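Q: using only what follows, build the 3D model:
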Amino acid sequence: MSFASLGLCTPILEAVANQGYETPSPIQAQAIPAVLEGRDVMAAAQTGTGKTAGFTLPILERLTKGPKVRANQVRALILTPTRELAAQVGENVAIYSKRLPLSSAVIFGGVKINPQMMRMRQGADVLVATPGRLLDLYNQNAIKFNQLEVLVLDEADRMLDMGFIRDIKKILAILPPKRQNLLFSATFSEEIRELARELTNDPVEISVTPRNSTAKTVKQWVHPVDKSKKSALLTKLIQEKKWKQALVFTRTKHGANRLAAFLEARNITAAAIHGNKSQGARTKALANFKSGDIRILVATDIAARGIDIDQLPQVVNFDLPNVAEDYVHRIGRTGRAGAEGQAISLICAEEIKELNAIEQLIQQHLEREEVFGFIPTAKLPASLPIKPIKAKKPKKPKKDKAPAEQTASAGNAKNGQKGNKPRQGQAPKQGQKPRGEGRGKFNRDEKPREDRARDGQPRRNQGRTFNRDEKPREDRARDEQPRRNQGRTFNRDEKPREDRARDGQPRRNQGRTFNRDEKSRDGGNANRRFNKKPHGQRSQQKAPQSA
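A: Numbering: from 1, shown residues only. Next up, the predicted model:
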């Protein structure tokens, strides 16, 4: 089978030939015809099988036959989980559409938004975006979806794992309902498949490889080692085996920084990429790694999405991932398009649980090789036996609920009864007494409220020590004491306020120098500052005599 037999136009065929592709991969052979027919597609294919071209080529073919895109409009939207993957997909779209009268754009976070807003004024036939930045531009009226024809979710499982489910639902709510939906991913869990069935309309399901399987061209093995010696063992492998290019995965961002610094200190060029790095630093590190200026690229799982390097020879798992499916994504960076590759994992005894989960997922035990000088003091436990994965039975579709009248008639027919005729207005049901004629244990309409107390007792005397209705409030003090004389030193109701001073002292003479109640406010010292005499005894000063 050739690309020409799939119904692609000449400019696209020439662009594919320039990339060195002669025959379509299995995922491309099945996905391209389905997309050209306008069907919704849900495809599962491992990384490196050409799934990006599987949806890019037919989308470009369809867009060449449609109307011209207007300002701020988008005709095909491709959503990706990470910036690197968005840049990689956007680069492929630009290559394949080089000889077509179509425009494309890429938008993601981590960079200034104003240039992206200016770019979208021209509109884009194909827009590759991350969910967060897409919503930012939409909220600022920089993007409109009136012309949208196709929606693509690339790496859909990773998008949901990263917590983009809310953003995806917001985006789906603002898109026109009449559109073509395509979901492509390396792996699909049962939850993702169920969600995909809800989003798509009668999709064509494509699976060219078993779920969560690894490429046969990738050789996999593990090196048991103590956790504290992993960095030294990695250095030994790089130097002795003369690795020119290797992608190393760590579990944390700080671990990636520490490992890159450790290698740089030993004259091994290395760089780290992760979510805390700026977009400029991540782009520069990836470009240097592709060009060969950097031998080792240390990355986290999220940042590694979108790293597409031809003939990448080695992938190293410095730390095993917490989720077994991430192992498939990691080693999918090597052995792409049928090429050979190596996947090496450095494992300590504490990671046996993760190793068992990975081996159970890929349905094979990984070969173990101990390196002289790095034999672990804590021996790696033996792997658990592999249990075959049982295929889950598909869930039965929910039946539509029958109308209530049909259900009631059917139930009565089974019991040998005839169906009831529909009643009109407030008329009682057939065979049922009107309200107030003995329905239930007692009828609220027959008895006043005060006579309907529980267990025949007065309404407020159900198991209590005394009845609030029998005693006035002032006689219901606790322990038969006056209400305000329960363990207090004195009773406020027995003494007037002025006689209730603390410790028998007058109220305002508790440790003070003088008692305010015994002396007037001036304390007889009104003339202390100024020696004044009463008004009648003041001496008259004589006016100065003039000369």
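
Q: domains of the chain?
A: When the chain is parsed with automatic domain parsing, its domains come out as 4-207, 218-368.

Q: could the ones you listed go into TSV alongside distance to Ile375?
A: Yep, even glycine has a C-beta here, placed from its N, CA and C like the rest. As requested, the domains of the chain are exported to TSV (distance: least, C-beta to C-beta, whole Å):
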stretch	distance to Ile375
domain 4-207	34
domain 218-368	8
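
Q: looking at these, which is nearest to Pro385?
A: domain 218-368 (9.2 Å; C-beta to C-beta).

Q: how long is the closest one end to end?
A: Separation of the first and last residues of domain 218-368 by C-alpha to C-alpha, to the nearest Å is 16 Å.

Q: any idea of the mean pLDDT for that domain?
A: Per-residue pLDDT values across domain 218-368 average out to 90.

Q: need the domains of the chain in TSV with distance to Ile389 and mean neighbour count, can you?
A: Supplementary listing: the domains of the chain in TSV, determined by distance: least, C-beta to C-beta, whole Å; neighbours: other C-beta atoms under 10 Å:
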stretch	distance to Ile389	mean neighbour count
domain 4-207	12	19
domain 218-368	7	19
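
Q: low-confidence stretches in the stretch 51-200 of the chain?
A: Residue ranges of the stretch 51-200 of the chain with pLDDT under 70: 187-188.

Q: and the strands in it?
A: In the stretch 51-200 of the chain, strands defined by DSSP state E, counting those that start in this stretch lie at 74-79, 104-107, 124-129, 150-154, 180-185, listed in chain order.

Q: neighbouring contacts of the shortest one?
A: Strand 104-107 is contacted by residues 86-87, 89-90, 93-94, 97, 116, 119-120, 124-130, 133-134, 137 when judged by C-beta atoms under 8 Å, 6 or more residues apart in numbering.

Q: ok, now the first one?
A: If you take C-beta under 8 Å, 6+ apart as the criterion, strand 74-79 is touched by 55, 59, 63, 66, 69, 89, 93, 123-131, 134, 143-145, 147-154, 159, 168, 171, 175.

Q: just to revisit the earlier point, same list (the strands of the stretch 51-200 of the chain) but as a markdown table, adding distance to Pro381.
A: Putting those into a markdown table (distance: least, C-beta to C-beta, whole Å) gives the following:
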| stretch | distance to Pro381 |
| --- | --- |
| strand 74-79 | 42 |
| strand 104-107 | 47 |
| strand 124-129 | 45 |
| strand 150-154 | 38 |
| strand 180-185 | 33 |
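
Q: of these, which approaches Tyr21 most closely?
A: strand 180-185 (17.7 Å).

Q: which helices and strands does that closest one pack with?
A: In terms of contact count using 3 or more C-beta pairs under 8 Å, 6 or more residues apart in numbering; DSSP states H and E, strand 180-185 is assigned the packing partners helix 26-36, strand 41-44, helix 51-63, strand 150-154, helix 156-161, helix 190-199.

Q: partners of it, with directions?
A: Counting by DSSP bridges, the strands paired with strand 180-185 are strand 41-44 (parallel), strand 150-154 (parallel).

Q: output those strands in CSV, with distance to Gly109 appended to each entry.
A: As requested, these are exported to CSV (distance: least, C-beta to C-beta, whole Å):
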stretch, distance to Gly109
strand 41-44, 27
strand 150-154, 17
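
Q: of those strands, which approaches Ala186 most closely?
A: Distance to Ala186, taken as C-beta to C-beta, is lowest for strand 41-44 among the strands paired with strand 180-185, at 7.5 Å.

Q: can you list contacts of that closest one?
A: Strand 41-44 is contacted from outside by 27, 30-31, 34-35, 51, 54-55, 181-188, 193, 196-197, 200, 203-209, 211, using C-beta under 8 Å, 6+ apart.

Q: which residues does Phe374 contact?
A: Going by C-beta under 8 Å, 6+ apart, Phe374 touches His223, Val225, Asp226, Lys229, Ala232, Leu233, Lys236.

Q: in helices only, show me the residues you listed.
A: Under the assignment DSSP state H, the contacts of Phe374 contribute Ala232, Leu233, Lys236 to helices.

Q: correct me, but the last one touches Leu346?
A: No: at 11.0 Å, Lys236 does not count as touching Leu346 under the criterion of C-beta atoms under 8 Å.

Q: not counting sequence-adjacent ones, nearest residue to Glu351?
A: Of all residues not flanking Glu351 in the chain, Leu320 sits nearest, at 4.8 Å (C-beta to C-beta, 6 or more residues apart in numbering).

Q: how about Leu346?
A: Taking C-beta to C-beta, 6+ apart as the measure, Leu346 lies nearest to Lys230, with 4.9 Å between them; neighbours along the chain are not counted.

Q: rewinding a little: looking at the contacts of strand 104-107, which are in helices?
A: Those of these lying in helices (DSSP H): Ala86, Ala87, Val89, Gly90, Val93, Ala94, Gln116, Arg119, Met120, Arg133, Leu134, Leu137.

Q: the fourth one and Lys65: what is the separation?
A: For Gly90, the distance to Lys65 equals 22 Å [C-beta to C-beta, to the nearest Å].

Q: kindly report the same for Ile358.
A: Noted for Ile358: a distance of 46 Å to Lys65, by C-beta to C-beta.

Q: can I get the ones in helices among the contacts of Phe374 in TSV with distance to Asp308?
A: Putting the ones in helices among the contacts of Phe374 into TSV (distance: C-beta to C-beta, whole Å) gives the following:
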residue	distance to Asp308
Ala232	31
Leu233	28
Lys236	29
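
Q: about what we covered before: how about the contacts made by the residue nearest to Leu346?
A: For Lys230, the contacting residues are Phe318, Leu346, Cys348, by C-beta under 8 Å, 6+ apart.

Q: with Leu134 as the reference, measure out to it.
A: 39 Å.

Q: if Gln220 is in a bridge, with which residues?
A: Under DSSP bridges, the residues paired with Gln220 across the bridge are Ala343.

Q: all helices for the stretch 301-450 of the chain, in order.
A: Assignment of helices within the stretch 301-450 of the chain using DSSP state H, counting those that start in this stretch yields the ranges 301-304, 324-331, 352-362, 404-414.

Q: against which helices or strands is the second one packed?
A: Looking back up the chat, that one is helix 324-331. helix 301-304, strand 314-317, strand 341-347, helix 352-362.

Q: tell me what the last one is packed against?
A: It stands for helix 352-362. Using 3+ C-beta pairs under 8 Å, 6+ apart as the contact criterion, the secondary-structure elements in contact with helix 352-362 are helix 324-331.

Q: go with 10 Å
A: Of the remaining helices and strands, those touching helix 352-362 by 3 or more C-beta pairs under 10 Å, 6 or more residues apart in numbering; DSSP states H and E are strand 218-224, helix 324-331, strand 341-347.
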